[in-house]
Every structure is written in C-alpha cells, then in structure tokens.
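> model this:
(2 chains)
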Amino acid sequence: MADIEQADTAESQDARKRLMRTGRISPVYFTIALLVVVGLLFYLGNRNFLSLYNLNTIISFSAILLMVALGQTCAILVGGIDLSVGGLVSFISVVFILLIEPLGYLAYPACLLIGVIVGYINGNILTRIKIPSFIATLATGGILTSLAYIASSGAGAPRPVNLSPANYHVVDNIVNGRLLNVSKVLYIGFAVLVLFYIILRFTSTGRNIFYVGSNIKMSWMSGISISKTRNIAFILSGAGAAITGLLISSVRYGGDPMVGNAYILNSIAAVVVGGTALTGGAGGVINTLFGAIFMSMLDNGMNVVGINQYFQQAILGAMVIVGVTLTFDRTKTPIVK
Amino acid sequence: MSDTSNGANQDTVVQLHQITKVYPGVVALDRVDLAVRKNEVLGLVGENGAGKSVLMKIMIGLEQPDEGTIVLRGEQIALRNSADSIKNGIGMVFQDGSLVPNLSVTENVFLCHEADFRKVGILSLRAMRDAARELLAQMKLYINVDLPVTEISSAERQMVEIARLLWLSRQYGQENPVLILDEPTTVLADEERNRLFSILQDIKKQASIILISHRLQEILENSDRIVVLKDGRNVTEIPAAEAKLSRIEQLMVGHTFSTDRFQEDEQVTPRDREILKVENLSKAGFFEPLSFTVREREIVGLVGLVGSGKEAVCNCIAGLDKADTGDIFLGGRKLPGGSPSAAVRAGIGHIPIDRRSEGLALMMSVAENVNLLVLNHLKTAGLLSPVREKKNAQYWISECQIKTPSIGTLCANLSGGNQQKTVISKWLSSRVRLLILDHPTRGVDVGAKDEIYKLIRRLAKEGIGMLIMCDTLEEDIGLASRMLVMKDGRLVKEIDSSSHNKPAPQDIIGLIV
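I've put the predicted structure just below:
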C-alpha cells in the first residue's frame, strides 16, 4: 500500500506525469454535455420539447432503442459489430405477433430464444468459419429481413401483421400500461440494463469481452477462450435485438417487417456517441445508456421542431459524426516515454 | 559541472538553451541545456521519465518548448513542425522505425520527395532506384532496393532510415546534419550492432549523432561525450573517455548499484524435482528433436542467435505453436500441444517479448490486468467481487513494487518497467509453476531492471522454474543457473552456470555463431 501513496519516488512521479499528460476526461461527460446542448437547442426551437409528455415519449423510445443498443455494445466491445440487428428486430417483430396465437405468454421467451440462437449463429460464423463479423452479420441480417417479409405475408408483398384484439391482454399485462405512474416499458428497460451491467462488469465472461476487445493476442496467450467470449457477446447482441422487437410489437399491437431497418444505424450510433470505442475493449453500458437517450432525443427533437423529414437523415448522420468526434477515446493514441 | 551552456562555441551545431516544458501538473523539462557539436557522437542517457524523449521531440519540432531557445548554426530558430526540423538538417530514427511497411526501399528513401525524379510529370523509377542504390552503397549496404521493407532485416531498415535522413539534409543544403538515434540497438543482434557503430563512426565525419540508449556500455564505447538527464534536469556532461559505467548509473538513478548486478549472491540452488520435461520436441523449419528439463527453483537460460530456434521452442512450450514431434510434460503430466489455455491451466506462464502488443490490455487498468488470470478466485456468490479484486490487485502491486498512482490507472500510462512488472504479477498471481521470460528487461531503464532481477530471484526462491531469454549474454549468464545453447535449430550444449561457476561470455559466443 505504501508504494501507491509514495509521492517522492521518480517512478511514481513518472506515472503521474503520464496520467496528467493525457488529460483524459471520461467520454460519458462529453455525451451528457452534448445531450444538454442539443436539448437546449431543440427547446429553443419549440417550447413543447421539454414538456412532460414529450419527455416521456423520448424516454420510452430510448428504452426501446437501448435494448438493441446494449446488445450492440457487447458486439462492439468484443471487437466486432452486429449488422444483423435490423433484420432480427424486424423478424422478431413479426414472429412475435404470429406466435402469440398459439403460445400466448410463452411467445415472449420463445422470441428471446430465437434471438439467442441467431446470436449464437452469428458468433459461430465468426469463430468457426472465420468470416469477419462485419460481413457475416450483414449477410445474416439480409437473410433475417427476407424471413421477416415472408413471415409477414407469405409470397406476397411484406405488410404489417396485426395482433388480434382477443390477444391484447398478453401484451397489455406485460408491457403496456403503467405501474406507479411509470410506463412498464421503463421498468423492463431498466431491468435489462441492470442485467447487462452485471454480466459485463461482474462475470468473468463479461470481463473477458473487454480483454478480448482490448488485446486479442494477449487474451489468447493468457488462455482466454476467444471463441467462447465472442459467441457470448453475439448471443447478448441477439438477445438485445430480440427484446427490442418484442417491445415494439407489444407497444404497437402489431408487427412490421420494415421496422428494424433504422435500428442498424441507430444502435451503432447510440453505442459510439455514448463513448464506447469502435475498436473494442473500452466503454460500457452506461455509455450506451446516454448514447441511446441522445439518439432518441435527436429523433424526437427533429420532429418536434419541424425539420423536414427528408433532411432528418442528413442531420442524423452529421450529428453522429459530431457526437463520435467529441466522445471518441483519444487515449488510444500511443504514449511515448 | 555542466558546460553545455557554452553557446558561442564555433563547433556547436545546435544549442538548446534553458529549455522548459510543462505538461498539466508536471514539469517534464526544467531549464535543460544541450549542445551538439560538429562531428561528434553524443550519448544521451537517463531513466524513463528523465525527459530525453521530450527533449528530442522538441529538437525535431514535434513539441514546442514553453521557455528556452534553440540556436541552430548560430541563428535562433523556432521549429514549428517536423518538416521544419528536417529542412534544418535535424532528423530522428525512432525506436520502432518509421518506414512504410508495404513500400519498397527506394520508395521509402525518397518518400514525399519524388519530385526530384520527375520529368514531364512522370516519375523515373530507374533514376530513383539507381540513386537509392548509390546512397546505400555509401553506407556499405548492398541490398535489393525493390524489396518491400518488411522483407529486409531490422538492421537494414535502420540503415535505410539513416540514409534517408542524410539524403534529405543534403537536399536542403544543410551541412553537418544532426542525426538522433533512439534505442537503435534493441532490435539488433551483436554483429549488426557492431556494424551500425562502425558506420556511425564513418557518418560522424559529415554529421553529428545523438545516441539514446539504455545500454550504458554501448554509450560508453561509442560516444565522444555523454550527457545525463534526471527528472527533467541536466545532471552532468562528461567526455566518454573519462566516464565510468558505475558512475553513470549512479548519476542516472541517484544511488549506486552493487557490482553484483544480477544479484548472483541471491541465486538459489535448484531442487531436484523436475517441473518441465521436454522430450524429443521438434518443429520442421525451426528446430530439430531436442530434450531438456527444468527443475523447481531453477533458472535456465536459453541462448542462441536469431534463427537458432530458441523462440520457437518457447512458443511450443507455452502452447502458442504446435510441435511436430515429441512431448511436453509439466509436473509429470503430458500437455496437449498448440493450446495456450491448456498450458496456462497446467501452470505455464509466458512473459512475451512485446509487452505492449502481447502482454497487456493497455486501455484497461492495472488492477484489471493483474487480476486477469484469477477472476474465478475473486468471486463472491458467483459474481466478481470488487472488494476482492481490489485486495488482490493491491497485494500484487505492492509485492512486485509496481509504481502506479492508483490501481485504476490505465496500463498505457505506466512506464515500461512498471508495465513489465504488471505482466509479471499477472502470472505470479495465478500460481504459475513454470515461467517463460522472453527478454524480460527489454526497453526497461536501469532502476526498473534492478527491481525485475530482484523479482526473478524471488520467484526462484518460491519454487518457480524459469526458462529465460535475455537481451545480452551477460544477463543470461548472470541470471541463469544452467544454460542451454542453441544453434541452427539444434541444442548443442548444456553449460553449468551456478553462482560459483559462471562461464564467461567469450566461452559461449563461440558456440552460438
């Protein structure tokens, strides 16, 4: 203990010099600052932006986005990326509604299981066939989108699948409505957030995700199972996307095979704007929490302020660049002695 | 004691005067003076953190001093960026090299200056190649200039960089350029090192050279003058002829070392019990069937040139590579080859040669790195316990004397020596039984080297067997109690190296070349 407190040895002074030299501020503070600034801008555009009703909308949206973003966080932390989340969200969105008829409440765990299986497949394509996750998940995403279309209407054009009113109670009892005047969606979101946090910070596999993303060669040499760690990361990603699909369909009382498309960019944006490094090994779920709130706020704000719908994509892209630039972890630049 | 502030000297090419550089919260350089004279080799020494690196960065324009002036060839100048310094005839060859890997030698030499070979907008490759060949011939380097630089040796790469810098200075009309070489010999074998230094003596006739190295013996032998920095300040400047190794070490660190650098007094007698047994191990293209054992408490030094196969042997034992024939036994149990996790589980640890890319997760904290192998033992109720993690990290940080502001500091922020100690403590914490140390003190300053030797001695006392490959024969001989000599893929001799019976380096050199 004495060594840590010793202030006068050359070595500890060195270390302190180095620490101060990088001047690292946590990326989360940047994201929060960004949130406040952009939020204020929207408020100036339209006073209603900060109304209780609107804030509630933003938070609910961010809870739903957060689910898939949490999963994406795991894929990115381990050093990869999951581009299949769009297809998976769409697929689950449709299949969930279809499964409520025969399975009732069991449709929830069933869809979660599908998400896990898809994640497992993504992981295995990466670890066994050794195709980079970028390509592998792009491909599986395409397959899932196709399956979503087919599931929605057979051979015809894809269309929304509505939940029959007879089954409304299934989604109402679990997802819709409020508990103590707070949307149940928020409870679910919070619970999932806590679960991901515990897995990433308090389990060895979760910690291994960081090690592998940070330095894969070192992890391999230290005996960590790279394939097992990656598989788990992608399983978590699949699960997150599945939960988002479930929530969307529950809230809308119907599934939509096109609903997932936006989630590819939005989930990645939430992760990187939150400050998790795209290169892996640094960041986490708290970062993603604020990233998701930011993306949701951005989406909502643009509508509330009345920005032309077609402009919104452009602004979204620009904001992501701004957000990433501000929160990108610059300590990745090597420190010279 | 320091007369480096004598700026009016005609012989002085560059004079750095009262340079001060302050970073948030710390003074990196405090009124440092440095004079570089014509046609001299100046040795710059100091521990990690002494300020050598910052001073050099200021000299090549990568950093700006907060106070102080740079006087170049009689005129005060400001070096705003590295292009400025090159135009003024100051260049640096970095430790890890800064050639573009996939480009050829020719392309690298003339990088960004191809305009000189352009006729009517088209590049004359032939002219470039001829010019490159000529430049290298002046340094007695005759290689195929079309090869991508990844295919030439590190020694040759260094020559290419030096040639480039000399050419650039000539292009900008600068006489007597200043060449800064940062740890040039870490990647060189003995004969390449000698070649480098003889070429430097040649180059000295037309340039000044600043040599930065942790290898004090080299600095003593090859410099004309030696400047010592400590904690960002000038300590002294001595002509090399008058300097003594022990005195310099003392000045660098502030205390004397015992002459027993490798603490041979502390060398323990190995127990009789075998911990590692290698039987008829071979790998095509790397090494032929060989067998040896390592006992508990024994430090076995594996010596040989690059290409002798010693690294490949260690890789097979650590499970990083699969051998073609033979078996590896740890504590009597046979190990499946090619599996680092099996090796780790059996109790084999491997301290890699490159701690930054293979030994640590730089962007994670010291605690996270130290605890990596023992997470399963730091749990409460199935989940990682922050309390137990903290205790384990603090224990090992203190045991291995890792100097860090806190257990949560990122490893990237530690000095080389402390990073190395973190790697060692990671394996220690996991109760390793056989430790393979691949150049454990490479790139580590004198003070930390000392601490690592102490650590190694302690490991042996605790019963751990070690297989070690060092940067110098002296280090191998000093640390090991037995040596295995390899040459061209064969184990040629076993030599006893117990503390009363140490061989001399000359005895071994003959066997390995």
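> alpha carbons only for contacts and neighbour counts from here, please
Noted.
> for whichever residue of the stretch 101-250 of chain A sits closest to chain B, which non-adjacent residue is spatially closest?
Distances between the stretch 101-250 of chain A and chain B by C-alpha to the nearest C-alpha are smallest at A:Gly223, namely 3.6 Å. Nearest in space to A:Gly223, with sequence neighbours left out and distances taken as C-alpha to C-alpha, 6 or more residues apart in numbering or on different chains, is B:Ser341 at 3.6 Å.
> what residues are up against the residue of the stretch 101-250 of chain A closest to chain B?
B:339-345 (C-alpha atoms under 8 Å, 6 or more residues apart in numbering or on different chains).
> helix, strand or coil for it?
Here A:Gly223 is recorded as coil under DSSP: H, G, I helix; E, B strand; the rest coil.
> burial of the residue nearest to A:Gly223, as a residue count?
20 (other C-alpha atoms under 10 Å in any protein chain shown).
> shouldn't it be in contact with A:Ser219?
No - between B:Ser341 and A:Ser219 there is no contact under C-alpha atoms under 8 Å: 9.8 Å.
> if we can go back for a sec, buried subset of the contacts of A:Gly223?
B:339-344 (16 or more other C-alpha atoms under 10 Å in any protein chain shown).
> the residue nearest to B:Gly382 when sequence neighbours are not counted: neighbouring residues, count only.
Nearest non-adjacent residue to B:Gly382, counting by C-alpha to C-alpha, 6+ apart: A:Thr203, 7.8 Å away. Counted with other C-alpha under 10 Å, residues neighbouring A:Thr203 total 18.
> if I pick A:Ala239, what's in contact with it?
A:Ala239 touches A:68, A:71, A:112-113, A:115-116, A:119, counting by C-alpha under 8 Å, 6+ apart.
> any idea which of these is the one closest to B:Pro386?
A:Gly71 (24.0 Å; C-alpha to C-alpha).
> is the helix or strand where the closest one lies positioned near chain B?
Using DSSP states H and E, the element containing A:Gly71 is helix A:52-77. No - contact of helix A:52-77 with chain B (C-alpha under 8 Å from any C-alpha of the partner chain) is absent, the minimum separation being 12.3 Å.
> may I see the buried residues of that helix?
Buried-residue list, helix A:52-77, by 16+ other C-alpha under 10 Å: A:54, A:58-77.
> which parts of the stretch 51-200 of chain B are strands?
With DSSP state E, counting those that start in this stretch, the ranges of strands along the stretch 51-200 of chain B come out as B:67-72, B:75-77, B:90-93, B:118-119, B:122-123, B:178-182.
> how is chain B partitioned into domains?
When chain B is parsed with automatic domain parsing, its domains come out as B:12-102+B:155-253, B:257-347+B:433-441+B:462-513, B:355-431.
> looking at those, which is buried most?
domain B:355-431 (a mean of 21; mean count of other C-alpha atoms under 10 Å in any protein chain shown).
> using PDB, write down the CA coordinates of stretch B:232-247.
Extracted in PDB, the C-alpha atoms of stretch B:232-247 (Å, rounded to 0.1, in the frame of the first residue of the first chain):
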ATOM      1  CA  GLY B 232      13.900  16.700 -16.400                       C
ATOM      2  CA  ARG B 233      17.200  18.400 -15.400                       C
ATOM      3  CA  ASN B 234      20.800  18.300 -16.500                       C
ATOM      4  CA  VAL B 235      22.800  16.200 -14.200                       C
ATOM      5  CA  THR B 236      26.200  16.200 -15.900                       C
ATOM      6  CA  GLU B 237      28.100  16.100 -19.100                       C
ATOM      7  CA  ILE B 238      31.300  14.100 -19.300                       C
ATOM      8  CA  PRO B 239      33.700  13.200 -22.100                       C
ATOM      9  CA  ALA B 240      33.200   9.400 -22.600                       C
ATOM     10  CA  ALA B 241      36.900   8.700 -22.100                       C
ATOM     11  CA  GLU B 242      36.600   9.900 -18.500                       C
ATOM     12  CA  ALA B 243      33.400   8.200 -17.800                       C
ATOM     13  CA  LYS B 244      32.900   5.000 -15.700                       C
ATOM     14  CA  LEU B 245      29.800   2.800 -16.000                       C
ATOM     15  CA  SER B 246      29.100   2.700 -12.300                       C
ATOM     16  CA  ARG B 247      29.300   6.400 -12.000                       C
END
